[in-house]
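Colleague: Mind folding the following:
(2 chains, ligands or ions: 2)
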Amino acid sequence: MSVSSSDLTDTGAGVSTSGGWAERLWATFTSLKVAGSLGLAVLILAGWEWLPGLLGIPVFIIPPASDVWAEFLWMIDRSALLYHTFITFMLVVVGFVIGCLLGAAGGYLLGISRNAEIVLSPYILALQIAPKVAFAPLFVLWFGYTFTPKILVAVLIVFFPVLINVLGAVRAVDQQQVDLARSFKANRLQIFSKIELPASMPAFFAGLRIGSTLAVIGVVVGELVGGNTGLGYLLTFAQGQANTPAVFVTISLLTLIGIIVYLAVVVVEGRVLRYMNRRPEF
Amino acid sequence: MTVVQMADSGDRPDTVAEPTRLTFEQVTKQFPQRGNRRQRKRMITAVQDLSLICHDQEVVTIIGPSGCGKSTLLNMASGLDRPTKGRITVDDEPVDGPNSHVAFMLQKDLLLPWRTIRENVEFGQEIQGVSRAERRARAHELLAQYRLDEFADYYPHQISGGMRQRAALARTLANDPDVLLMDEPFSALDAQTKMILQRDLAQTLIARQKTALFITHDLEEAVALSDRVLVMSNRPGTIIEEIIIDLPDRDEPFARRQHPRMAGFTRRLMELLHLGDAPEQTTAKQRPH
Ligand SMILES: Nc1ncnc2c1ncn2[C@@H]1O[C@H](COP(=O)(O)OP(=O)(O)OP(=O)(O)O)[C@@H](O)[C@H]1O
Ligand SMILES: [Mg+2]
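Modeller: Numbers count the residues shown, from 1 in each chain, chains lettered A, B, ... in the order given. Ligands and ions are numbered 1, 2, ... in the order given. Okay, the predicted model is just below:
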């Protein structure tokens, strides 16, 4: 066997520099998908507008889309819809942020201290199993018809998925990576900030995604139980008036709030996890 | 300097004259046996009364059957694990924890996926608080040496396995350790990439005057890269034979592989490992790490 050093050349990096045709095909696919989505939206709206009437469903069960739109404009004008939406949005954001911070802090503390985890895990499990929204009346009893009970329900409901995800990720950190840092004489803080924290980021963001949708539920339940502000309040009000279009409007706006928070998480995640080089997704 | 009793090293006349970098003195390592609770006090002896010396700028390779305690030796030398009995010294100082005289490199490249190649190479110096400019310069030099300068800002998953392992080598050297501890560093690479990396390593060790303790299951690699090969027994591991590889061209493994005496050395190692004696014993190469 005769091998000279120049015979052996390393393969290049696995970065695709494929020709333009592949990219164009991909772009075509993407625009087809966007067109498909929009087409579907038009189809659904049209179905919503006319199908119930054709099937003889009364308008107080499923009001046509145009009625809901008219109600939306009317509520902006008369029911301070934007004010209530803003209140709910703020409470969702505040509850979500506090819940995430506490959940992450708890996850890291438990992940790092085995003793704390052993002592606290039964209580955490119990609290995790308890239906969090059931605490809403209790919080209203404690804090009255203020913003506090709504935020608290959101915090409580966001807390656990974030904590569980972070805890799992810290426990699953590659011991060899930790040993590598230790071999360079890293102290505990450096092991945390340079290995455990970045290694847990994907799981942390998975927790945030779940939390972002749960935060809306928490705030709405708080508002349903008591108070005279927010979309949850409008919801009970509309129900009392048998105003189905107003219920539809409120549900749509709640969904919109959830989408906004979720997208914010996705955008930040894309920045932080840039290294993972994933396709954009929702 | 303490004169250490060496197993089978009597035929090396200049043992005492050369400065030593790494020594194991009568080292024993036991692990608590896992699994069975009733026999909780039973211990597994991974390494038994093992002594060895790596002299300055020497490349010593350890071969031995799977599970005989080779990786355990490296863990203890790097200070990540303590011997149950005996003493380990690096640069005449007892090893009582991780220290900057040694650095290790494993089969897994252990590049952190959230850091670029450059940032990975800088990792050790960053932990030790070296200034940004200084570690940049160091990383730049090493990346250029290992033909990675174009890929400095890539993430590990964007480059090939051979490049990743070269980046790991650069990271290992960035802190300028005296002793390199290498645990099957090339065993996950394809044959061609492996040869290139062996040459890169061989030339680095000569050029930078490093000492190395190298573990491999590849007998040709052992002969091509080392000054001495130590053969370990089955568990409890101890050194049963020392073979001095008195071939020229330690910095040119390609040339060494063609040396007429190459085959003789590998045949001798195969005999010592009882490879080919019985079919079921020829599996030493199968189990990674
Ligand atoms: N942390 C540990 N706890 C318990 N036993 C261990 C531990 N580490 C290693 N051992 C045992 O010590 C013995 C030696 O292990 P070691 O990893 O050093 O072998 P090795 O020679 O590197 O094997 P290989 O060639 O397969 O990599 C094995 O029997 C293993 O089961
Ligand atoms: Mg091993």
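Colleague: From here on, just use CA atoms for contacts and neighbour counts.
Modeller: Fine.
Colleague: any idea which helix is longest in the chain?
Modeller: Defaulting to chain A. The longest helix of chain A (DSSP state H) is helix A:20-54.
Colleague: ah, I was thinking of chain B
Modeller: Criterion DSSP H: the longest helix present in chain B is helix B:191-207.
Colleague: is it anywhere near chain A?
Modeller: Yes. Counting by C-alpha under 8 Å from any C-alpha of the partner chain, chain A is contacted by helix B:191-207 at B:192-193, B:196.
Colleague: From the residues you listed, list just the buried residues.
Modeller: Buried by 16 or more other C-alpha atoms under 10 Å in any protein chain shown: B:193, B:196, out of the residues of helix B:191-207 next to chain A.
Colleague: could you pick out which of the residues of helix B:191-207 next to chain A are near ligand 1?
Modeller: Checking the residues of helix B:191-207 next to chain A against ligand 1 by C-alpha under 6 Å from any ligand atom, not one of them is in range.
Colleague: Reformat the residues of helix B:191-207 next to chain A as a markdown table; add pLDDT.
Modeller: As requested, the residues of helix B:191-207 next to chain A are exported to a markdown table (pLDDT from 0 to 100):
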| residue | pLDDT |
| --- | --- |
| B:Gln192 | 90 |
| B:Thr193 | 90 |
| B:Ile196 | 91 |
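Colleague: ok, back up a step: kindly format the C-alpha coordinates of the longest helix of chain B as CSV.
Modeller: Extracted as CSV, the C-alpha positions of helix B:191-207 are listed here (Å, rounded to 0.1, in the frame of the first residue of the first chain):
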residue,chain,number,x,y,z
ALA,B,191,-9.7,4.9,7.3
GLN,B,192,-8.5,7.8,5.1
THR,B,193,-9.4,10.6,7.5
LYS,B,194,-7.9,8.6,10.3
MET,B,195,-4.5,8.5,8.5
ILE,B,196,-4.6,12.3,7.9
LEU,B,197,-5.3,12.9,11.5
GLN,B,198,-2.6,10.5,12.7
ARG,B,199,-0.1,12.5,10.6
ASP,B,200,-1.5,15.8,12.0
LEU,B,201,-1.1,14.5,15.5
ALA,B,202,2.3,13.0,15.0
GLN,B,203,3.7,16.2,13.5
THR,B,204,2.1,18.3,16.3
LEU,B,205,3.6,16.2,19.0
ILE,B,206,7.1,16.6,17.6
ALA,B,207,6.7,20.3,16.6
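Colleague: List the neighbours of it that are in contact with it.
Modeller: With contact meaning C-alpha atoms under 8 Å, 6 or more residues apart in numbering or on different chains, helix B:191-207 is reached by A:5, A:8, A:10, B:57, B:146, B:162, B:166, B:186-187, B:210-212, B:221, B:225, B:250-254.
Colleague: what are the ranges of the helices in the stretch 51-200 of chain B?
Modeller: Using DSSP state H, counting those that start in this stretch, the helices found in the stretch 51-200 of chain B span residues B:70-77, B:117-121, B:123-127, B:132-145, B:161-174, B:191-207.
Colleague: Out of those helices, which one sits most buried?
Modeller: helix B:117-121 (a mean of 26; mean count of other C-alpha atoms under 10 Å in any protein chain shown).
Colleague: Quick check: mean pLDDT of it?
Modeller: Per-residue pLDDT values over helix B:117-121 give a mean of 95.
Colleague: go on, stretch B:86-95?
Modeller: Per-residue scores along stretch B:86-95 average to 91.
Colleague: what residues does the stretch 51-200 of chain B put near ligand 2?
Modeller: For the stretch 51-200 of chain B, the contact set with ligand 2 under C-alpha under 5 Å from the ion comprises B:Ser71.
Colleague: Residue in the stretch 151-282 of chain A with the shortest distance to ligand 1?
Modeller: Residue nearest to ligand 1 within the stretch 151-282 of chain A: A:Gln175 (11.5 Å; C-alpha to the nearest ligand atom).
Colleague: Pull the number of nearby residues for that residue.
Modeller: A:Gln175 has 11 neighbouring residues, counting by other C-alpha atoms under 10 Å in any protein chain shown.
Colleague: Now whichever helix or strand comes after the longest helix of chain B: average pLDDT?
Modeller: On the C-terminal side of helix B:191-207, the nearest following helix or strand under DSSP states H and E is strand B:211-215. Strand B:211-215 comes out with an average pLDDT of 94.
Colleague: got it, and stretch B:125-142?
Modeller: The pLDDT scores in stretch B:125-142 average 93.
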